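K.L.:
Any chance you can model this:
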Amino acid sequence: MRDALMLRTARLTLTPPTEDDVEAIHLACQDTEVQRWTNVPSPYTREDAEQFVVLCAERRSAGEEITWAIHDAEGLVGMIGLHRIGDGSAELGYWISADARGRGYGAEAGCAVVDFALGPMRLERIEWHAVAGNEPSARLARSLGFRFEGTRRRGIRASAEREDAWIAGLVASDDRSPVEWPVLEPRTASLSIRRRRRRPIRVSGPRTAASSALR
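P.N.:
Coordinates of the predicted model:
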């Protein structure tokens, strides 16, 4: 199953996380930005990382979610996932480790996952949710073609308390060209993403949908 869900881009390999990723996940999740904007536990222990990998496999097997560990030539640089898969839709979530930010990895991995979701998985809609104010995540979602849809009051729990949440959506019929979002400054330059329209993404093995989490 792990090989069946492998995605490749010019610089990255995306595969479901395994025990081999535990140490790198544990280290990356010590970052205060990951703990501030996602729902990972704080403090984040090695046991949390071990449990996360197990949970990924369980939810993948149940067909609920798919989470990919993002690797470059040096090792793990982040996580990205499709969550709450069902009824033709899913939610996209991601984080990039502190020392890998600024290289365009989030956009590259995000484009691959969106291609997979709207292509082989044949989803009709992908949603994005984030704590209101998480501008780096919002800029990445906008670059992938998501349309801002509003603010949900106390709509998300990313830490100890519920907080307002931004929501955006991407549907299969969208052209995925970035548009302005009212909560972000006007774009001065788009992230460089090489999209291969109407060409199948390289997926090892049969088409499949499956499991896990991260925002």
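
K.L.:
which residues of the chain score low on pLDDT?
P.N.:
Low-confidence segments of the chain (pLDDT under 70): 1-2, 159, 187-215.

K.L.:
hey, where'd the strands end up in it?
P.N.:
For the chain, the strands defined by DSSP state E occupy 7-8, 13-15, 66-71, 76-86, 89-96, 125-131, 147-157, 162-171.

K.L.:
And those: which comes nearest Glu108?
P.N.:
Glu108 sits nearest to strand 66-71 of all these, at 8.7 Å, using C-beta to C-beta. Any C-beta I mention is one placed from the backbone N, CA and C, and that applies to glycine too.

K.L.:
Strand 76-86 and the closest one, what's the angle between them?
P.N.:
Orientation check (axes from the mean of the first three to the mean of the last three C-alpha atoms, to 10 degrees): strand 66-71 against strand 76-86 gives 170 degrees.

K.L.:
when you give positions from now on, start the count at 10
P.N.:
All right, first residue 10 from here; so that's strand 75-80.

K.L.:
Can you give the distance of strand 75-80 from its chain's centre?
P.N.:
In terms of C-alpha atoms, centre = their mean, to the nearest Å, the centre of strand 75-80 is found 8 Å from the chain centre.

K.L.:
repeat for stretch 42-49
P.N.:
13 Å.

K.L.:
Which residue ranges of the protein form helices?
P.N.:
Remark: helices assigned in the chain by DSSP state H are 31-37, 41-46, 55-70, 114-127, 144-152.

K.L.:
just to revisit the earlier point, winner for burial among the strands of the chain?
P.N.:
Highest mean neighbour count among those (mean count of other C-beta atoms under 10 Å): strand 75-80, with a mean of 26.

K.L.:
Show me what that one is packed against.
P.N.:
Packing contacts for strand 75-80, counted by 3 or more C-beta pairs under 8 Å, 6 or more residues apart in numbering; DSSP states H and E, involve strand 22-24, helix 55-70, strand 85-95, helix 114-127.
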